[in-house]
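**Q** Predicted coordinates and the sequence they were generated for:
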Amino acid sequence: MKIISVDSQKRKYKVVIGKGLLGKLGQFVKGIFHPRARVMIVFQTGVSVYARSAASSLKRNGYTVYFHKVLDGEKAKSQANLFRLLRDLLAKGFERTDGILAIGGGVVSDLSGFAASVYLRGIPYVNVATTLLAQVDSSIGGKTGINLPEGKNMMGSFYPPALVISDMDVLKSLPERELRASLAEVVKYGVIRDPGLFSFLESNTSKILNKNPAALERIVTDSARIKAEVVSRDEFETRGERIILNYGHTFGHGIENAARYKKIVHGEAVAIGMAMAAHLAAELGICSPGLVKRQMDLLKTFGLPVSVDALKINATTSFQAMMRDKKKAHGQLRFVLPVRIGEVVIRAGISAGEIRNILRLFGAK
Ligand SMILES: NC(=O)c1ccc[n+]([C@@H]2O[C@H](COP(=O)([O-])OP(=O)(O)OC[C@H]3O[C@@H](n4cnc5c(N)ncnc54)[C@H](O)[C@@H]3O)[C@@H](O)[C@H]2O)c1
Ligand SMILES: [Zn+2]
């Protein structure tokens, strides 16, 4: 078992990573939830079995448990679902000393964390992260929120969980495409901060794809540690450090948006985005062609796409979507570009023509 600490202005919290954690959940939340707290377990169909074992452990430790099931998929992060959850808490008489336990991926925790931040102006919430993406990314850093009809994550808050539990056992049932897509984010951590992690990924691809628990624990721990370090230093994205987590995401967001979030999942778009960003870095003389190839090879070994050929998207539409990026500064896109494995720089002032050229080179029409 590994424990990572995350610093936040609101509270410090721990991320616990290991095996067999779900059955001990009731003990982990002692000191976080009030001893006689009521706990609302928020979950989706895909993780019902884990919601039930979490509930048994909580009950054994004296907690009163309720269930709140949300729709599967991104549509769970809607205004209607937020209000349905808030009103369910109210109907069950939840008070400030009660809490929310989110079990699932980023969708469940974004919705639950946001509800926890606004219900009675804030109640404790614990996150059991059940997707690899949630374990390496969304569970850490305190960003919560829902989608508006106009765009993703347009309403939310910074509200850190009181505790994160990442149990390797639950990854057994994770669909293969989800696993592969989340590995793009792990590759990202290697490129931005950790040559050791990058080499580990290169030498252990089959163990990782076969969900070997020790290999998964290693990559989750390294990724969570990097995310925790970065967000602890730049919690509100004001110091310019947190932007490095956006490696591959500037192109990636444009691609997934141009594809209307169909035929491609987020991590796949990030893989293509990293391939494009590395290519751009090599063109600008920031990194060597060797890095571009090394990263490309690793992404391919994980079965991730490295071009938009299958998407039939348009370069101009993708570029326009990129220009709506929330992380623009003074109207300019900022690209995170690799210098070497483990080190990146931020560059603005890349021309629109250059960006479109890269999109076309990777298969956009
Ligand atoms: N808050 C943040 O910092 C942050 C960061 C990155 C992404 N996000 C958000 O996270 C969301 C994506 O999260 P995600 O990739 O975890 O997807 P997800 O939450 O949609 O989960 C994917 C699917 O897998 C199922 N599932 C979850 N765990 C499972 C398991 N162990 N076994 C079998 N099935 C399981 C779920 O029921 C769901 O249908 C997006 O909404 C994104 O905006 C937030
Ligand atoms: Zn991402």
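**A** That came through, no problem. Residues are numbered from 1 along each chain as shown. Ligands and ions are numbered 1, 2, ... in the order given.
**Q** ok, residue 136 to ligand 1 distance?
**A** When Cβ to the nearest ligand atom, to the nearest Å is the yardstick, residue 136 and ligand 1 sit 9 Å from each other. Placement of C-beta: from N, CA and C, glycine included.
**Q** Residue 271 too?
**A** Using Cβ to the nearest ligand atom, one gets 14 Å for the distance from residue 271 to ligand 1.
**Q** Would you mark the buried spots in the helix or strand harbouring that residue?
**A** Following DSSP states H and E, one finds residue 271 within helix 266-283. Judged by neighbour count (16 or more other Cβ atoms under 10 Å), helix 266-283 contains these buried residues: 266-283.
**Q** Beyond the helix-or-strand element of the chain with minimal mean pLDDT, next helix or strand please.
**A** None of the helices or strands of the chain scores lower by mean pLDDT, DSSP states H and E than strand 151-158, at a mean of 93. Sequence-wise, the next helix or strand beyond strand 151-158 is strand 163-167, with elements assigned using DSSP H and E.
**Q** May I have the longest helix along the chain as PDB, with CA atoms only?
**A** Taking DSSP state H as the assignment, the helix of the chain that covers the most residues is helix 213-233. What follows is the C-alpha trace of helix 213-233 in PDB, where atoms were taken according to Å, rounded to 0.1, in the frame of the first residue of the first chain:
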ATOM      1  CA  PRO A 213      -1.600  -5.600 -10.100                       C
ATOM      2  CA  ALA A 214       2.100  -4.800  -9.200                       C
ATOM      3  CA  ALA A 215       2.700  -3.100 -12.600                       C
ATOM      4  CA  LEU A 216      -0.600  -1.100 -12.300                       C
ATOM      5  CA  GLU A 217       0.200  -0.100  -8.700                       C
ATOM      6  CA  ARG A 218       3.600   1.200  -9.800                       C
ATOM      7  CA  ILE A 219       2.200   3.300 -12.700                       C
ATOM      8  CA  VAL A 220      -0.800   4.600 -10.600                       C
ATOM      9  CA  THR A 221       1.600   5.600  -7.800                       C
ATOM     10  CA  ASP A 222       4.100   7.400 -10.000                       C
ATOM     11  CA  SER A 223       1.300   9.200 -11.900                       C
ATOM     12  CA  ALA A 224      -0.600  10.200  -8.700                       C
ATOM     13  CA  ARG A 225       2.600  11.400  -7.100                       C
ATOM     14  CA  ILE A 226       3.300  13.700 -10.100                       C
ATOM     15  CA  LYS A 227      -0.200  15.000 -10.300                       C
ATOM     16  CA  ALA A 228      -0.200  15.600  -6.500                       C
ATOM     17  CA  GLU A 229       3.100  17.500  -6.700                       C
ATOM     18  CA  VAL A 230       2.000  19.700  -9.500                       C
ATOM     19  CA  VAL A 231      -1.500  20.600  -8.000                       C
ATOM     20  CA  SER A 232      -0.100  21.000  -4.500                       C
ATOM     21  CA  ARG A 233       2.200  23.800  -5.900                       C
END
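**Q** And the next helix or strand after it, what does it pack against?
**A** Under the assignment DSSP H and E, the closest C-terminal helix or strand after helix 213-233 is helix 249-258. Counting contacts by 3 or more Cβ pairs under 8 Å, 6 or more residues apart in numbering; DSSP states H and E, helix 249-258 packs against helix 266-283, helix 315-322, strand 335-340, helix 352-361.
**Q** can you put these in JSON lines and add mean pLDDT?
**A** Supplementary listing: those in JSON lines, determined by pLDDT from 0 to 100:
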{"stretch": "helix 266-283", "mean pLDDT": "98"}
{"stretch": "helix 315-322", "mean pLDDT": "95"}
{"stretch": "strand 335-340", "mean pLDDT": "98"}
{"stretch": "helix 352-361", "mean pLDDT": "97"}
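**Q** any chance of these in CSV, with distance to residue 103 too?
**A** CSV is the format used below for the helices and strands packed on helix 249-258 (distance: least, Cβ to Cβ, whole Å):
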stretch, distance to residue 103
helix 266-283, 20
helix 315-322, 32
strand 335-340, 32
helix 352-361, 38
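**Q** wait, which of the ones you listed is closest to residue 82?
**A** Of all those, it is helix 266-283 that lies closest to residue 82, at 20.9 Å by Cβ to Cβ.
**Q** Counting by contacts, list what the closest one packs against.
**A** Contacting helix 266-283 under the criterion 3+ Cβ pairs under 8 Å, 6+ apart are the following elements: helix 176-193, helix 249-258, helix 289-301, strand 335-340, helix 352-361.
**Q** Off-centre distance for whatever helix or strand comes next after the fourth one?
**A** Later in the chain than strand 335-340, the nearest helix or strand by DSSP H and E is strand 343-347. Averaging C-alpha positions (Cα atoms, centre = their mean, to the nearest Å) puts strand 343-347 21 Å from its chain's average.
**Q** same question, stretch 62-77
**A** With Cα atoms, centre = their mean, you get 19 Å for stretch 62-77.
**Q** for the record, mean pLDDT for it?
**A** When pLDDT is averaged along stretch 62-77, the result is 96.
**Q** Now the terminal residues of it, how far apart.
**A** Taking Cα to Cα, to the nearest Å, stretch 62-77 runs 31 Å from one end to the other.
**Q** likewise stretch 124-141?
**A** One end of stretch 124-141 to the other measures 16 Å (Cα to Cα).
**Q** picking up where we left off before, need the residues that contact the least confident helix or strand of the chain.
**A** 8, 10, 74, 77, 79, 110, 113-114, 117-118, 142-148, 235-236, 324 (Cβ atoms under 8 Å, 6 or more residues apart in numbering).
**Q** Parallel or antiparallel, list what pairs with that strand.
**A** According to DSSP bridges, strand 151-158 has the following sheet partners: strand 143-148 (antiparallel).
**Q** Any buried residues in the partner strand, and which?
**A** Buried, per 16+ other Cβ under 10 Å, within strand 143-148: 143, 144, 145, 146, 147.
**Q** Thanks again, I'm all set now.
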